[in-house]
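Asks: mind folding the following:
(chains A, B and C)
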Amino acid sequence: MSDTVIRNHEPNYLEYQGRYKGIFAWIFSTDHKRIGLLYLYSMLVLFSIAAILGLLMKIELIAPGKTIMDAQTYNSFFTLHGITMIFLIVVPGLPAVFGNFFLPLMIGAKDVAFPKLNLLSWWIYILGAAVALSAQFFGDGPPDTGWTFYAPYSFRTGTNMLPAVTGAFILGFSSIATGINFIVTMHRMRAPGMTWMKMPLFPWALYGTSWIQVLATPIVGVTLLMIVLERTMQIGFFDPALGGDPILYQHLFWIYSHPAVYIMILPAMGVISEIIPTFARKTIFGYKAIVVSTLAIAFVGYFVWGHHMFTSGMSGTALYTFSILTFLVAIPSAIKIFNWVATLHKASIDIQTPFLWALCFLFVFMIGGLSGMVLGALSANVHLHDTAFVVAHFHFIVFGGTGYAFFGALHYWYPKMFGRMYDKGWANIGLAVFFTGFNTLYLPMFYLGMIGMPRRYYDYVEEFHGPNIVSSFGAMLMIAGLVIIITNLVRSARKGEIAEADPWKGKTLEWTVASPPTLENFAEIPVVTKLPYDYE
Amino acid sequence: MNNSAHIDEHRDDEGAKTGMWIFIFTELLLFGGLFIVYSVYRYLNPAAFHLAAEELDTFIGTVNTVILLVSSMTIAMSISAIQYKNKKLTLLLMGITIFLALVFMVNKYFEWSGKIAHGIYPGSPTLMEASQGEILFFGLYYAMTGLHALHIVIGVAFIAYVMRMVVKDEVQHDNFTILENSGLYWHLVDLIWIFLFPLFYLIT
Amino acid sequence: MEKEQHTHIVKYKTYVIVLIALLFMTFASVAITSINLGPYTVAGALLLASIKCVLVLLIFMHLKFDNKFYGIMVASVFILLASVIFITFLDYLYR
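Replies: Have a look, this model is predicted:
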């Protein structure tokens, strides 16, 4: 099929000349593929900044006492690191980059349902990012509350909170616009013959994700608005002096922010569900079970927010309920792990870079998930709450889960996006360095948390010194790995070998079109008759 | 924009409506967050809420409810009118909707300025001396009716925009999804008010 | 699906009847809150508000005439919000 497209010699989406020239052909483009890349480039820039902040914090922690920065700088660093990583990279990451680029390709559509809204969502994203980051540069110093903006500190602190909170609020609209776009696209624009149960698993994951984006984001929107009102007008909702309840802020914040964790991880699971069957040359084991568990995670994930608040002073009844629900949500996640492993059973596996990323994902995601079970247990949580253990846990899930899936997806779909192949040798070396660094960085933090090192402190007692040195060394190694990986990818975008249309022998629709795809993706809308991973 | 004609021609009325509904859900949950806050603080301060609600004028509240309900009907009727190919009536009904919305806003203005003249607004010295429950009640009152008023303004702008399209015949009997969508948005504004009215004016 | 939706025209009369019902319920809720029924006052007002809400959704917002899928979505969203409020109250009721 790809041959016919190539023979037509239609310009691909990268070369296509529209009404605008130069950079305007990108920032005013409504082509879902170009918007996906706009998101990718914006995120790579922001990710580099936030990763360097993380590295600087680890360097600060290499020895007790002040090493390279004072306490207030450290506070503003972890706040900026958190805001950037969560609101600007991990939450929008996979849907905005790979969802935009590949959702239409995978379901046989020419674009998303509302291309202009799609472009608007990128502009809102840039606006939100600019507003949030502007907090660093003027006013009374950078925000120091952490990315969670907990009340009452968030409206008492003298630092420049308003832009940060407003920025996060604006970013919500971008997220909602993308969610609406994807849901309607999947409802209305699947290729003929592609019933819901013939849709590949990455779109399915995006479907679950989009619903959470649409239904949870408004809650945090209005909550952040309340913080703004609290700061500007003393409205009293979260101010104990005026009768407000700060714990209610935590409820409202986590009603969004826990589902947001599933906004991060569901598409990551979707990516893994694409990579594994492709390199196993085998249809995925238990397609329906994965679909059902995707929806189950999206649904149950909405009701577990309280496990972030076990030590806040909630009622006992609420504690038990949230703890039980938290354990329940682990079941569908475990089902997926079983399915992926079962897919590999007796498969003739082609070991390539994306597959290695997927394997590493399984490893770190297991550690992240199981440590989550430890934190979900009420008694253990009391001991581990707000310690380095929690930091290690969510980095294993958010960075280990979503981050690995992001780089896995980048290596998997790279030849389709740019029409060129990266240097596989350097990619594998980069992964090895990164993976070693990652584990050296975060594994000691589990131990540090258990022996009592709290999070968000720039200083610690001498007992914690040893593991912290290891951890900081791991951070440097991990950044070195990232540099290798990103340099290799950036370099190959111009100089890599020309890639064929289907370098991995994938079976989903995106591999049937040219690499890079033409503007309209499909010369003719395909008719789907088979299941997505049909290797028989 | 720089797409070929093919994608630009793409028109999916049902898809546009699905999108609008999903957007309405986000609006419902936006207010949902405030309803959670309201229900928690009402549960914690029943007596103070009761007392504070007596400050509000049930008469103005009832008038505004009637206004919104009637305007909701007129915008719904305008959709039938465009389907009957009656352009004049469509415009008339939409005009009435906008007019009623403006009357609602005028009422709201007098209501709010009356309160503010009595020194009741967030952070005011008078309110700071009142009980905590009353502070929260009026905080919620201003936040929720304020956000609702903002939605009225957006709704009026949306309907006015569609009216212009009707005038220019861009909206017609076989192509009126955007009119339906503006109607849906207006009904959402009405729906929220249906709950705000008893929660603020009728709990005395 | 598209055809069906676009050929259905709701009669003006239907809207007028619905409006009269809505207005009636508004005045009824004002009336019952002016007599003191204790805790049932608010419950009564909210019940009437819910009925009004359903009427607006079904007739004004055309859920009755549209694809069932919309109705299911709307119901799910309301159930979701109710569940969130319920779970939040597990904290406040037993604190």
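Asks: can you give me the offset of stretch A:440-448 from its chain's centre?
Replies: In terms of C-alpha atoms, centre = their mean, to the nearest Å, the centre of stretch A:440-448 is set 22 Å apart from its chain centre.
Asks: give me the number of residues near residue 90?
Replies: You didn't pick a chain, so chain A it is. 25 (other C-beta atoms under 10 Å in any protein chain shown). Every C-beta, even on glycine, is put in place using the N, C-alpha and C of the backbone.
Asks: let's do chain C instead
Replies: Per other C-beta under 10 Å, the neighbour tally for C:L90 reads 19.
Asks: OK, contacts around it?
Replies: Neighbour list for C:L90: A:315, A:317-318, A:321 [criterion: C-beta atoms under 8 Å, 6 or more residues apart in numbering or on different chains].
Asks: quick one: low-confidence parts of chain A?
Replies: A:1-9 (pLDDT under 70).
Asks: go ahead and flag the most central residue of it.
Replies: Nearest to the mean C-alpha position of chain A, counting by C-alpha atoms, centre = their mean, stands A:V90 at 3.1 Å.
Asks: find me the pLDDT at the residue nearest the centre of chain B, would you?
Replies: By C-alpha atoms, centre = their mean, chain B has its centre lying nearest to B:V189, at 2.7 Å. At B:V189, the model reports a pLDDT of 96.
Asks: related to what we said a few turns ago, surely the residue nearest to the centre of chain A meets A:I397?
Replies: No - A:V90 lies out of contact with A:I397 (C-beta atoms under 8 Å); the separation is 10.0 Å.
Asks: filter the contacts of C:L90 by proximity to chain C?
Replies: Contacts with chain C within the contacts of C:L90, counted by C-beta under 8 Å from any C-beta of the partner chain: A:315, A:317-318, A:321.
Asks: doesn't the residue nearest to the centre of chain A belong to a strand?
Replies: No - counting by DSSP: H, G, I helix; E, B strand; the rest coil, A:V90 falls outside a strand, being helix.
Asks: what about it, distance to chain B?
Replies: 21 Å (C-beta to the nearest C-beta, to the nearest Å).
Asks: again with C:L48
Replies: Counting by C-beta to the nearest C-beta - C:L48 and chain B are separated by 8 Å.
Asks: mind telling me what element that residue is part of?
Replies: helix C:40-55 (DSSP states H and E).
Asks: list the helices and strands that helix packs on?
Replies: Using 3 or more C-beta pairs under 8 Å, 6 or more residues apart in numbering or on different chains; DSSP states H and E, the elements in contact with helix C:40-55 are helix B:177-201, helix C:12-34.
Asks: tell me which of these sits nearest to chain A.
Replies: Closest to chain A of the helices and strands packed on helix C:40-55 is helix B:177-201 (C-beta to the nearest C-beta; 12.4 Å).
Asks: what separates that closest one from the chain centre, distance-wise?
Replies: 5 Å.
Asks: tell me the angle that helix makes with helix C:40-55.
Replies: Interaxial angle, helix B:177-201 versus helix C:40-55 (axes from the mean of the first three to the mean of the last three C-alpha atoms, to 10 degrees): 180 degrees.
Asks: which strands and helices lie in contact with helix B:177-201?
Replies: Counting by 3+ C-beta pairs under 8 Å, 6+ apart, the packing neighbours recorded for helix B:177-201 are helix B:13-44, helix B:58-83, helix B:132-167, helix C:12-34, helix C:40-55.
Asks: drop anything exposed from the contacts of C:L90.
Replies: Buried members of the contacts of C:L90, counted by 16 or more other C-beta atoms under 10 Å in any protein chain shown: A:318, A:321.
Asks: the contacts of C:L90 in helices, which ones?
Replies: Among the contacts of C:L90, DSSP state H puts A:317-318, A:321 in helices.
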